[in-house]
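Q: what follows is a predicted structure for the sequence shown.
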Amino acid sequence: GQQVMQIPQYQHVQEGEDFTTYCNSSTTLSNIQWYKQRPGGHPVFLIQLVKSGEVKKQKRLTFQFGEAKKNSSLHITATQTTDVGTYFCAGGRDSNYQLIWGAGTKLIIKP
Amino acid sequence: DGGITQSPKYLFRKEGQNVTLSCEQNLNHDAMYWYRQDPGQGLRLIYYSQIVNDFQKGDIAEGYSVSREKKESFPLTVTSAQKNPTAFYLCASSSPRLTGGGRQPQHFGDGTRLSIL
């Protein structure tokens, strides 16, 4: 079946360093959504990308959707303690309203 | 405030017991979803419903059942057939309306943590 692979599983960074997570789908996606889950919380929607090659920015966060609509990335510049959590990508299927979820990348700030 | 309410926050199940997790939304969303999340893992879809009185199995439906008698409610029953029910259960809803070719985002409740006694 359709899968979305997300790497890395964890990333440890010093505060102020950059962070990147990557998602790769086995099939073409109609869209991709990104969510953030704080420790002990629930996923919260960040953004959606729909167009081939689309790039969107939210302050220090940059989201990209690949030209083939099979891969996506989230890059955080100069991480802060408030960025801690797990970032999930979720690909949309054309046929229904389900999302195919990546396993998430946990951002950990080194003390 | 509009949102999704899940209850209870914590639930304990005894051997052979069925338990029901509640999910109510006042967002007027047509679609509702149940996910299971295991520690350090992503979200796995159990069941989803796009309209009242209709629901579809997700990737891990065995041992679970749902109903959708009202638009705002989508309860999940964890049956005794589910041998490893300990997990964090998340309910979500979304509007089916398309936005420029995409999908409306899913809104989540605070979750229910289920453990075996």
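A: Happy to help now that I have it.

Q: residues contacting A:P8?
A: A:21, A:105 (C-beta atoms under 8 Å, 6 or more residues apart in numbering or on different chains). C-beta here means a position set from N, CA and C on the backbone, and glycine is covered the same way.

Q: could you do A:Y10 as well?
A: A:105-106, A:108.

Q: most neighbours out of the residues you listed, which is it?
A: A:T105 (22 neighbours; other C-beta atoms under 10 Å in any protein chain shown).

Q: quick check: that residue touching A:I7?
A: Yes: assessed by C-beta atoms under 8 Å, A:T105 is found in contact with A:I7 at 7.1 Å.

Q: which residues are in contact with each of the two?
A: What both A:T105 and A:I7 touch, as defined by C-beta under 8 Å, 6+ apart, is the set A:T21.

Q: where in chain A is pLDDT low?
A: A:1-2, A:94-96 (pLDDT under 70).

Q: ok, the residue nearest the centre of chain A - contacts?
A: Closest residue to the average C-alpha location of chain A: A:C89 at 4.0 Å, with C-alpha atoms, centre = their mean. Counting by C-beta under 8 Å, 6+ apart, A:C89 touches A:4, A:6, A:21, A:23, A:32-35, A:72, A:74, A:101-102.

Q: where along the chain do the strands fall?
A: You didn't pick a chain, so chain A it is. When secondary structure is read from DSSP state E, chain A shows strands at A:4-7, A:10-14, A:19-25, A:31-37, A:44-49, A:55-58, A:61-65, A:71-76, A:85-92, A:99-101, A:105-110.

Q: hm, I was asking about chain B
A: So, for chain B - with DSSP E - the strands run B:4-7, B:10-13, B:19-25, B:31-37, B:43-51, B:54-57, B:64-66, B:76-78, B:87-94, B:107-108, B:112-116.

Q: so which bits of chain B are right by chain A?
A: Those residues of chain B that sit near chain A, judged by C-beta under 8 Å from any C-beta of the partner chain, are B:31, B:33, B:40-45, B:48, B:50, B:56, B:58-59, B:90, B:94, B:96, B:99-103, B:105-111.

Q: what about burial for those residues, which qualify?
A: B:31, B:33, B:42-45, B:48, B:50, B:58, B:90, B:94, B:102-103, B:105-109, B:111 (16 or more other C-beta atoms under 10 Å in any protein chain shown).

Q: B:P39: neighbour count?
A: For B:P39, the neighbour count with other C-beta under 10 Å is 7.

Q: against B:P85, how distant is it?
A: 14 Å (C-beta to C-beta, to the nearest Å).

Q: and for A:H42?
A: Distance from A:H42 to B:P85, by C-beta to C-beta: 19 Å.

Q: go on, A:K110?
A: Counting by C-beta to C-beta - A:K110 and B:P85 are separated by 35 Å.

Q: which one's more surrounded, the two?
A: Using other C-beta under 10 Å, the more surrounded residue of A:K110 and B:P85 is B:P85, with 20 against 8.

Q: that one: what's its closest spatial neighbour, skipping adjacent residues?
A: B:V78 (4.9 Å; C-beta to C-beta, 6 or more residues apart in numbering or on different chains).

Q: neighbours of the one you found, just the number please.
A: B:V78 has 23 nearby residues by other C-beta under 10 Å.
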